[in-house]
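[1] Whatever this is, show me its structure:
(one chain, ligands or ions: 1)
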Amino acid sequence: MEVIVLPGPDDVARVAGDVVAEVVRRRPDAVLGVATGSSPVGVYAELARRVTAGDLDLSGVTAFALDEYVGLPDGHPESYAAVVARDVTGPLRLDPARVHVPDGRAADLEAAAEAYERAIAGAGGIDVQLLGIGANGHVGFNEPTSSFGSRTRIKTLTARTRADNARFFASPEEVPLHCLTQGLGTILEARRLLLVAQGEAKADAVAAAVEGPLTSMCPGSALQLHPRATVVVDEAAAAGLTLLGHYREVYAAKPAWQRP
Ligand code: GLP
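    Numbers count the residues shown, from 1 in each chain. This next block holds a predicted model:
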C-alpha cells in the first residue's frame, strides 16, 4: 500500500482532501464511502472549505456511511445518521437524498444489512472509501477476528471500542452494544481505500495494519489485500512504522503525474 507520512493533522487533512477532490473532479457523480469518528473530521473540514470557496462541487456525489449503532433512539445526536448529516452532508453540501447510512433502527436488522449491500451495489460500488482506524485495529466497526470476507452485518462492539467512544455519550453505559457495519469484504470492494490516522494513540494500530501480519486480529491489515490502498498519517501515528524512511523517500520521489 501507499504510505504517506506528513508532519501534522492539517497536512493529513489536506492530502486526503486532495485524493477525494481528484476522484470527484474525474467523476462528478462519484460514490464516496464516508467514515465517522474523529479521524476524518479534518478531511471533511478541508473539503467543506473547498466547497465554500467554490473550488469543489460535491452536489452530484452519492455517499455511503460505513456503520451505524443499533438501538439509539430516532434523532439521537450521536447516531451516525445524525453525525453524517451534521459533519458531512451539510458542510460538504451533499444531496441528502444521496447520503445513505445503515438503518440501525430497523426491526429486521439482517434485512437492513442486506438492503445496504444492495444499495451500494446498485450505486455501482464505492469509488473511494475513507477510513479511520480504531486503537485495536478496527475499521468501520469490524472488531478483531472479523472475517476478511464479511459483508454488512450486525456486530457486537468490544469493551475497548465502547470505552473509546464513551466520550461522545453522556455515560459509558449509553454506548450501544451492537452496530451494523459494512464488512471487510464490502470495504475491500471499494475501488480505492483512503485511511487516515493522527496521533500517538493510533501508532500501534497503524504499524500492525501496514506492516504486521495479515490477521483478523488486526482488521486494518485487510488493507494489505487491496490493490489501491493509501494510508495518510501524521508523524505521531507513524511512530511505530519500521520502514518510515522508505515511505518518505517514495513519497518525495512520487512522479507528479501520479499525484494525488
Ligand atoms: C469508530 C468508527 C470507525 C472509526 C474508528 C476510530 O468507532 N466506527 O469508523 O474509524 O472507530 O475512531 P476515531 O477516528 O474517533 O479514533
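[2] what are the ranges of the strands in the stretch 1-150 of the chain?
    For the stretch 1-150 of the chain, applying DSSP state E, counting those that start in this stretch gives strands covering 2-6, 31-34, 62-65, 67-69, 99-100, 128-131.
[3] residues in contact with the longest one?
    Going back to what we said before, that points to strand 2-6. Outside strand 2-6, the residues that touch it by CB atoms under 8 Å, 6 or more residues apart in numbering are 12, 15, 210, 229-235, 238, 241, 243-244, 247-248, 250-251. Any C-beta I mention is one placed from the backbone N, CA and C, and that applies to glycine too.
[4] how close does residue 30 get to residue 37?
    The gap separating residue 30 from residue 37 is 22 Å, by CB to CB, to the nearest Å.
[5] mind checking the longest helix of this protein?
    helix 9-26 (DSSP state H).
[6] Could you pull out the buried residues of it?
    For helix 9-26, the neighbour count (16 or more other CB atoms under 10 Å) marks 9, 11-17, 19-21, 23-24 as buried.
[7] out of those, who's nearest residue 106?
    Using CB to CB, residue 20 is the member of the buried residues of helix 9-26 that lies nearest residue 106, at 29.3 Å.
[8] Contact partners for that closest one?
    Contacts of residue 20 (CB under 8 Å, 6+ apart): 32, 43, 47, 128, 130, 194.
[9] now the second one, nearest residue through space, not along the chain?
    On the basis of CB to CB, 6 or more residues apart in numbering, the spatially nearest residue to residue 43 that is not a chain neighbour turns out to be residue 16, at 4.6 Å.
[10] What is the burial count for residue 172?
    12 (other CB atoms under 10 Å).
[11] can I assume it is in contact with residue 161?
    No. Residue 172 is beyond contact range of residue 161, at 11.4 Å (criterion: CB atoms under 8 Å).
[12] Between the contacts of residue 20, which sits nearest the ligand?
    residue 130 (9.1 Å; CB to the nearest ligand atom).
[13] Give the burial count for the closest one, as a bare number.
    Other residues near residue 130 come to 27 when the count uses other CB under 10 Å.
[14] in the sheet, who's paired with it?
    residue 194 (DSSP bridges).
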